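Enquirer: Take this sequence and fold it.
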Amino acid sequence: MKNRSLYYTISFVEGAAVMATEIIGAKFLAPLFGSSLYVWSSVMAMTLGGLAGGYFFGGRMSQKENTERRLFVTLFFAATFILIMPLIIQALSPLSLNMPLLEGVVLSSCFILIPPVFCMGMVSPLIVQLISDRSGESGKRAGEVYAISTVGGILATFLTGFYLIPNFGLSLPLFIFGGLLLLFSLFYFAKRNEKTFLLIAFFVATSVVMNFFKEDDTKENILYKSEGMLGKLEVMETGWDMDSTKPHEKHRLLLINNIIQTWIESDSSRSYLQYVNQIDRRFEYTKERKHALLLGLGGGAVANVLEKKNFAVTAVELDQRIIEVARSWFGVSEKVKIINDDARHAIERMHTKYDLIVVDLFNGEVTPSHVLSKESITKMQGLLTDTGNIIFNTYGYIQPPAGLGNLSLLKTLKECGLHYKIGMNGSTGQEDYRNLLIVASGTAVGYVENELTEEIQFDKGSVVTDNNPVLEFQNAAAAKRWRYYYIQNFIKKRKSAL
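Expert: Alright, predicted model coming up:
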């Protein structure tokens, strides 16, 4: 019974380690490849593939002699592969960044996830064999083992996502779960005086610790860094000649998974993002106080622009870290009211009338479809004054397949009875290097700067509803292209991608 309790404990920790490895693996990939549908699909496929292979191979190994030793050797290798995940992704990143995006995602997720998950998949069949004392009870024991493993996975998912990653980053949680598996195996090998495994463990632990504490060569430029379930958040200040007309200015950037969310000149707080300046030019200062609702805060550049035009600004931001960064590093006005909430959840509870609603909800290169459904936009309409506008900041794509998401958004606006016009900013003739500002209203929209004149293929789009949440899928091609050009033009130019 003593050994059975030990094996159940191992099963619990193994299940926890599987889920933690999957979540952390996806977060390791995010600064390189984002957190789009492609990345999560690849991560889930590799996790399930590794488990399937491990279950099959572990079942075969459980029928051979020395099952107990096989179990602890498997735990040892599972722990080793978990602990060296940061080293693997660092070694792979130069190669993967020079590959097409999808191939890079699949290759990287394969190398960092399949080895540890395959080994952990072997654990349960080996444990079932070890604790099945009598013929005919293997089904019962298998049910117990997989239930305990699943409970471990559930608890680890909450612990990793809600506490460990936000507070300690990515590497430390890996040390915790990998270290626990390693300790089980090392106790076993120490009792049997198997020095080879102890020596390997020493070298692995030394390499991992040295990597964890190594000096970051971008440290002098990084003002703030945080890992969380909503992505890797950085505030970077640099003297790069990013604007050839003003080569000596300092630039401050807010990055989520290496995608620029806010970009200002450090001393003057002047925004370098053209859509912000386009919004600025659209509105004149008036003595009459108006009300604006901003869904998505970022560094607060849009909020500050509107506040200076005498708007009473309310901003909704899901990520508490961004709120703190906007206040501390980007000088968001204290007059801006900020609500820490999901945008859809927040507007469902609002009753104030607004003259302007700005939907600026990029998280890296991903936009949330639940805020852009017909039901959500109808709720926004109900919050507008009679002459109010809704402005959507979105990708620069309008032609299929990358433009499918925008076509569906436009079709949804029409379904809601809204008039709209589309303004362009950036390299207006190149979809990959521009943004679109969609200005919608219940009345005539009027003039928009750099109005789009391209043919719009409405028949290619779909009305987005809560029961037909197709936007993320339809934006997948746009997110892929957006990330690809960031890799080529920004991420590769950083001293370190991680």
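Enquirer: low-confidence ranges in this protein?
Expert: 1-2, 134-136, 212-220, 240-248, 364, 492-498 (pLDDT under 70).
Enquirer: Please report the distance of the closest residue to P100 other than its chain neighbours from N257.
Expert: Sequence neighbours aside, Y484 is the residue nearest to P100 in space, at 7.8 Å (criterion: C-beta to C-beta, 6 or more residues apart in numbering). No exception for glycine: its C-beta is placed from N, CA and C like everyone else's. Y484 sits 14 Å away from N257, going by C-beta to C-beta, to the nearest Å.
Enquirer: Pretty sure the residue nearest to P100 sits against L101.
Expert: Yes: applying C-beta atoms under 8 Å as the test, Y484 and L101 come out as touching, 4.8 Å apart.
Enquirer: the more surrounded of those two?
Expert: When neighbours are counted by other C-beta atoms under 10 Å, Y484 and L101 differ, and L101 comes out ahead with 23 against 18.
Enquirer: Do I have it right that the more buried one meets F33?
Expert: Yes: counting by C-beta under 8 Å, L101 sits close enough to F33 to count as a contact (6.7 Å).
Enquirer: which neighbours do the two share?
Expert: Shared contacts of L101 and F33, defined by C-beta atoms under 8 Å, 6 or more residues apart in numbering, comprise R483.
Enquirer: What backbone torsions are found at K191?
Expert: Main-chain dihedrals, K191, degrees, to the nearest 10: phi -60, psi -30.
Enquirer: again, but for R344
Expert: Listed backbone geometry of R344 is phi -60, psi -40, with angles given as degrees, to the nearest 10.
Enquirer: That one reaches V371, doesn't it?
Expert: Yes: applying C-beta under 8 Å as the test, R344 and V371 come out as touching, 4.9 Å apart.
Enquirer: any idea how far S427 is from R481?
Expert: From S427 over to R481 the distance is 14 Å, taken as C-beta to C-beta.
Enquirer: How about S42?
Expert: Using C-beta to C-beta, one obtains 17 Å as the distance from S42 to R481.
Enquirer: Neighbour count for those two, which is higher?
Expert: Set side by side, S42 and R481 show more neighbours around S42, with 23 against 19, by other C-beta under 10 Å.
Enquirer: how close does the more buried one get to V105?
Expert: Taken as C-beta to C-beta, the span from S42 to V105 is 5 Å.
Enquirer: just I347 next, same as before
Expert: I347 sits 33 Å away from V105 when distances are taken as C-beta to C-beta.
Enquirer: Tell me who's in contact with the closest residue to V39 other than its chain neighbours.
Expert: Taking C-beta to C-beta, 6+ apart, and ignoring the residues beside it in sequence, V39 has F33 as its nearest neighbour in space, at 5.2 Å. Applying C-beta under 8 Å, 6+ apart, one finds that F33 lies in contact with V39, S96, L101, G104, V105, S108, R483.
Enquirer: can you give me phi and psi for the residue nearest to the fourth one when sequence neighbours are not counted?
Expert: If the residues on either side of it in the chain are set aside, G104 comes closest to S96, at 3.8 Å by C-beta to C-beta, 6+ apart. Backbone geometry at S96, expressed as degrees, to the nearest 10, gives phi -70, psi -30.
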